[in-house]
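J.: What follows is a predicted structure for the sequence shown.
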Amino acid sequence: MMSIFQKLNSLFLSSIFILVIFGAACMSNNDAIISTVELTESNVEQTSNVTNADTASPKNIISPEITNIPDSSPEDIISSSEIAPLATTITTVPTDSNNQSNDKPIGDTLPQPISGEFTPAAIVAAQAEHLANLYEKTVKSVVFITANTQMGVGSGSGFVWDTEGHLVTNYHVIQGANQSTSSLTVKFFNGREYRADVVAFDPDSDLAVIKINDIDHELIPLPMGNSSETRPGEMAIALGNPFGEEFTMTTGIVSAVTRTLSSGFSSYSIPAVMQTDAAINPGNSGGPLLDMNGAVIGINTQIKSSSRQSSGVGFAVPVDLVKRVVPSLINDGQHSYPLMGISGNEVNILLRERASLPRDILGAYVNRSAPGGPADLAGIRGDSSLTGSLNFDGDVIVSINSIPMKSMDDLIGYLALNTAPGEEIIVGVFRNGLEILIPMTLGSRPTTS
């Protein structure tokens with residue numbers, strides 16, 4: 001017969017056993033965390049979900065799911081499978097929060113990646129395949145332009161704007177061409193050649209539109225991108241005919257954005273110009289600068305070089321300006337730019353010190369406000385000096401329509417890309433230690449012949 005002590009001890013052990021079983025049943029709800037990754041282009045979105053108790057395996061597989069990128073037409077779709085890295089299986093192991101080692105932070109229960117195989121060879125092969133496919137998709141829309149001029153025969157590049165036969169190029173490519181139906185010849189990648197007429201041109205932006213007639217093959221316009229969304233470091237692809245070498249592709253990156261560049265044909269500057277290290281040489285002028293998906297982000301226009309050969313500093317007219325100018329040239333024969341009627345400088349450290357400006361003031365210092373111009377009529381004050389040396393008492397334009405203007409380049413770019421003649425804007429001006437808001441009606445820039 002069991003003693004009272006033995007009975008109590010047996011009852012205690014039974015209770016402990018019941019608690020252990022109950023605890024194990026409760027813990028069975030804490031299963032492995034499965035992470036799913038969907039790769040679309042180069043962006044990775046990771047979501048975590050807690051599964052039910054019947055999960056097949058404690059180890060979990062992450063598989064990339066590739067989606068397509070729509071292009072300008074069903075026939076010309078560039079798939080993201082051409083550009084996405086070749087991902088292989090990545091496994092994760094669930095971390096048991098109740099069995100943590102002493103040297104691991106408490107609460108670190110996220111799945112930890114163990115291995116991932118993104119080999120350099122696979123990445124390079126994917127990029128090469130993508131570029132080859134992109135070339136085949138876009139080169140059919142690029143043209144080789146030959147211009148007969150009084151100085152001889154010149155050549156350049158261009159691309160298809162629409163299915164009606166309008167092509168876009170640089171003004172300086174067709175500038176010296178005789179105004180006759182035989183002065184311009186256009187050749188496509190498929191060997192088709194056409195005579196072309198000049199529709200209109202804009203020296204201020206170094207852009208021109210020409211047109212071919214009696215078209216006997218399909219024209220495929222290039223899709224337009226957004227230069228305002230392009231960032232330095234992104235891929236840049238130039239197509240054109242450097243030194244007459246037809247239908248050449250060069251690649252690089254976008255080196256800088258929002259440059260201001262003289263067109264060489266006007267006293268006004270081209271705003272928001274893109275800089276690239278993709279090789280651009282004589283003959284590339286007028287050709288498209290593409291992003292990695294084949295959309296136009298600029299039109300190659302100039303290089304900076306002492307030898308007239310690529311030194312890794314090329315410039316392209318931003319496509320956001322092209323999208324405003326080209327339709328005006330086709331529909332109206334010209335493009336009208338807004339005019340504020342000032343000349344100015346960026347607020348640098350020297351000007352800030354001489355004008356006793358606060359250190360946080362950025363913008364465009366007004367050297368001169370043209371008499372009778374929109375700025376003058378609105379009451380914006382230029383520097384009072386009449387001798388050319390500054391008295392440092394002019395206004396500083398710090399914003400337009402509540403958008404900060406950090407420099408004169410910002411101001412030029414904003415007006416050209418976001419406003420139109422006759423539009424009313426609100427100009428933020430820093431004067432006498434205060435910022436004031438001045439309404440202004442923009443004028444129209446004189447036409448450059």
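T.: That came through fine.
J.: Pull the number of nearby residues for residue 155.
T.: Each residue near residue 155 was counted by other C-beta atoms under 10 Å, and the total is 21. For glycine as for every other residue, the C-beta is placed from the backbone atoms N, C-alpha and C.
J.: Can you tell me the element it falls in?
T.: According to DSSP states H and E, residue 155 maps onto strand 152-160.
J.: the bottom helix or strand of the chain by mean pLDDT?
T.: The helix or strand of the chain with the poorest confidence is strand 33-40; it has a mean of 31 (mean pLDDT, DSSP states H and E).
J.: before we move on, back to that, paired strands for the strand holding residue 155, with orientation please.
T.: Sheet pairing of strand 152-160 (DSSP bridges) gives strand 142-149 (antiparallel), strand 166-170 (antiparallel).
J.: Pull the residues that contact that strand.
T.: Residues outside strand 152-160 that contact it (C-beta atoms under 8 Å, 6 or more residues apart in numbering) are 141-147, 166-170, 172-174, 176, 186, 210, 219-222, 239-241, 244, 283-288, 296, 300.
J.: what does stretch 417-437 give?
T.: Stretch 417-437 is contacted by residues 228, 271-272, 318, 320-321, 324, 336-339, 357, 361, 363, 375, 378, 380-381, 395-402, 405, 438-445 when judged by C-beta under 8 Å, 6+ apart.
J.: buried sites along that stretch?
T.: 417-419, 425, 427-430 (16 or more other C-beta atoms under 10 Å).
J.: again with stretch 341-351
T.: Residues of stretch 341-351 classed as buried by neighbour count (16+ other C-beta under 10 Å): 341-342, 344-345, 347, 351.
J.: just stretch 384-397 next, same as before
T.: Under 16+ other C-beta under 10 Å, the buried positions of stretch 384-397 are 390, 392, 394-397.
J.: Which one of those is nearest to residue 200?
T.: Among these, residue 397 lies closest to residue 200 (C-beta to C-beta), at 32.1 Å.
J.: what's the closest non-adjacent residue to the closest one?
T.: Here the nearest residue to residue 397 in space, its sequence neighbours aside, is residue 364; by C-beta to C-beta, 6 or more residues apart in numbering that works out to 4.6 Å.
J.: what does residue 281 give?
T.: Spatial nearest neighbour of residue 281, chain neighbours left out: residue 242 (3.8 Å); criterion: C-beta to C-beta, 6+ apart.
J.: cool, and residue 173?
T.: Spatially, and ignoring its direct neighbours in sequence, residue 173 is nearest to residue 156 (3.4 Å; C-beta to C-beta, 6+ apart).
J.: ok, now residue 407?
T.: Residue nearest to residue 407 in three dimensions, not counting chain neighbours: residue 346, with 4.4 Å by C-beta to C-beta, 6+ apart.
J.: Next, the contact list for that neighbour, please.
T.: Residues in contact with residue 346 (C-beta under 8 Å, 6+ apart) are 364-365, 407-409.
J.: In strands only, show me the buried residues of stretch 341-351.
T.: With DSSP state E as the criterion, strands contain 342, 344-345 from among the buried residues of stretch 341-351.
J.: could the residues you listed go into JSON lines alongside pLDDT and distance to residue 370?
T.: Formatted as JSON lines, these follow (pLDDT from 0 to 100; distance: C-beta to C-beta, whole Å):
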{"residue": "342", "pLDDT": "96", "distance to residue 370": "7"}
{"residue": "344", "pLDDT": "93", "distance to residue 370": "12"}
{"residue": "345", "pLDDT": "92", "distance to residue 370": "16"}
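J.: so can I have a markdown table of the residues you listed showing distance to residue 202?
T.: Output for these, formatted as a markdown table (distance: C-beta to C-beta, whole Å):
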| residue | distance to residue 202 |
| --- | --- |
| 342 | 22 |
| 344 | 23 |
| 345 | 26 |
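J.: related to what we said a few turns ago, which among the contacts of stretch 417-437 end up buried?
T.: 271-272, 318, 320-321, 324, 337-339, 357, 363, 375, 378, 380, 395-400, 405, 438, 440, 442-443, 445.
J.: what does the model give residue 326 for pLDDT?
T.: Residue 326 is assigned 98 on the pLDDT scale.
J.: Next, give me the two most distant ones among the contacts of residue 346.
T.: Spatial extent of these (C-beta to C-beta) is set by the pair 365 and 409 at 13.0 Å.
J.: Could you point out the longest strand of the chain?
T.: strand 248-262.
J.: Pass me the low-pLDDT residue ranges in this structure, would you?
T.: For the chain, the stretches with pLDDT under 70 are 1-117, 178-182, 449.
J.: could you give the angle of the helix or strand where residue 186 lies to strand 166-170?
T.: According to DSSP H and E, residue 186 maps onto strand 184-188. Inter-element angle recorded for strand 184-188 and strand 166-170: 110 degrees (by axes from the mean of the first three to the mean of the last three C-alpha atoms, to 10 degrees).
J.: Give me the contacts around strand 184-188.
T.: For strand 184-188, with C-beta under 8 Å, 6+ apart as the criterion, the contacting residues are 140, 143-148, 158, 167, 174, 177, 193-198, 210, 212, 217, 246.
J.: Note down every partner strand of it and its orientation.
T.: Partners of strand 184-188, by DSSP bridges, with direction: strand 142-149 (antiparallel), strand 193-202 (antiparallel).
J.: what sits against the residue lying closest to residue 155 once chain neighbours are set aside?
T.: Closest residue in space to residue 155, ignoring its immediate chain neighbours: residue 146 at 5.1 Å, by C-beta to C-beta, 6+ apart. Contacts for residue 146 (C-beta under 8 Å, 6+ apart) come out as 153-155, 184-187.
J.: Perfect, I'm done here.
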